[in-house]
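1. generate coordinates for the sequence data below:
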Amino acid sequence: MRAGLGAYGLGTAPLAGLFAPVEEAQAERTLAAAWESGIRYFDTAPHYGSGLAEERLGRFLRGLPEGAGEAVVSTKVGRVLVPGDGEEDGFPGRTGYVRMRDYSRDGVLRSLEDSLRRTGLDRFDLVFIHDPDDHWEQAAGEAYPALAELRDQGVVGAIGAGMNQAEMLTRFVRETGVDVVLVAGRYTLLDRSAAAELLPECERRGVAVIAGGVFNSGVLAGGATYDYDAAPPEVLARAGELERICASYGVPLPAAALRFPHRHPAVTTVLIGARSPEEITQDVRLTETDLPDALWKELDHAG
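-> Here you go, the predicted model:
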């Protein structure tokens with residue numbers, strides 16, 4: 001699985017209109033730019049645009065001359081979409097669906113069936129239990145066993161959990177047989193909390209780690225948002241100090257943010273979020289930036 005994922009993958013939440021709508025043609029061009037750059041791992045979820053991310057990714061992969069055979073695709077379970085007067089929930093431009101939390105066995109099966117229909121794929125390479133922060137009992141007691149059964153049957157590939165916190169992911173690693181975790185925003189230049197227990201535990205047990213949210217939703221890439229909300233002054237100040245350190249070495253802060261997670265041996269893949277072909281080009285260029293050891297020493301001290 002580590003070889004199949006690649007060093008960088010593409011998260012599709014921005015292409016479903018996270019924070020601002022994205023037109024269909026632009027989403028397709030962005031996916032094409034990622035593919036042309038060599039990215040083959042794509043992460044999606046029903047939550048992203050109420051299924052829009054899955055639909056767009058599926059159309060793109062089915063339209064490739066070689067088909068979707070080279071692609072590695074992950075989706076998530078835990079939110080079932082039902083027709084209704086739904087809320088945008090961070091994805092303006094698409095309503096008409098209500099996101100229902102459901103970590104039951106039936107919910108998992110229904111969610112996967114719906115995701116396969118939306119994408120047009122015949123299986124998923126990875127499936128994550130999505131954000132079960134307040135649902136540990138059902139997620140561990142029903143969703144995980146259902147996914148483990150599907151994995152054992154070969155219906156899905158690797159299984160795991162994806163969250164914006166490290167503590168419960170560590171519990172999944174210790175108390176279940178997950179293959180992989182997706183930790184968003186908790187192993188970044190600003191927030192290294194995953195390094196305390198989660199990453200060492202994954203390394204000991206051979207559980208792969210995918211790092212997402214490496215810009216902490218924007219503040220490490222020149223924005224003013226942190227964890228999907230307005231960044232507080234102290235976070236802006238810390239980001240400014242990190243930017244100053246990087247600038248003293250002639251390095252853009254986003255380049256260090258993208259490369260940082262790979263410094264830990266447990267991390268196999270970093271997810272890039274992009275909403276345009278230009279952002280893909282820029283991110284790929286950033287991953288190729290030379291970062292001297294002295295810079296990392298200063299960033300570690302500041303962190």
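2. now the closest residue in space to residue 261 that isn't next to it in sequence: which helix or strand?
-> Of all residues not flanking residue 261 in the chain, residue 211 sits nearest, at 3.7 Å (CB to CB, 6 or more residues apart in numbering). From N, CA and C alone the C-beta is placed, and that goes for glycine too. Assigned by DSSP states H and E, residue 211 falls within strand 208-212.
3. report the beta-bridge partners for the residue nearest to residue 261.
-> Beta bridges link residue 211 to residue 183, residue 270, judged by DSSP bridges.
4. surely it is in contact with residue 191?
-> No - between residue 211 and residue 191 there is no contact under CB atoms under 8 Å: 11.3 Å.
5. next, residue 98: secondary structure please.
-> With DSSP: H, G, I helix; E, B strand; the rest coil as the basis, residue 98 sits in strand.
6. and stretch 179-197, how far out from the chain middle?
-> 12 Å (CA atoms, centre = their mean, to the nearest Å).
7. against residue 187, how distant is the residue nearest to residue 261?
-> 5 Å (CB to CB, to the nearest Å).
8. so what sits against both of those two?
-> Common contacts of residue 211 and residue 187, defined by CB atoms under 8 Å, 6 or more residues apart in numbering, comprise 261, 267.
9. who has more neighbours, residue 211 and residue 191?
-> Higher neighbour count among residue 211 and residue 191: residue 211, with 26 against 18, using other CB atoms under 10 Å.
10. before we move on, the earlier item: packing partners of the strand holding residue 211?
-> Other helices and strands packing on strand 208-212, by 3 or more CB pairs under 8 Å, 6 or more residues apart in numbering; DSSP states H and E, are helix 2-5, strand 158-163, strand 180-184, helix 198-205, strand 267-273.
11. check contacts around residue 73.
-> With CB under 8 Å, 6+ apart, residue 73 has these contacts: 41-44, 57, 61, 119, 121, 124-126.
12. pLDDT at it, what is it?
-> As predicted, residue 73 sits at a pLDDT of 97.
13. residues contacting the residue nearest the centre of the chain?
-> When the chain is reduced to its mean C-alpha position, the nearest residue by CA atoms, centre = their mean turns out to be residue 212, at 4.4 Å. If you count contacts by CB under 8 Å, 6+ apart, residue 212 has them with 11, 43, 162, 182-185, 270-271, 273.
14. again, but for residue 187
-> With contacts defined as CB under 8 Å, 6+ apart, residue 187 is in contact with 166, 193-195, 199, 209, 211, 260-261, 264, 267.
15. now do it, the pLDDT please.
-> 98.
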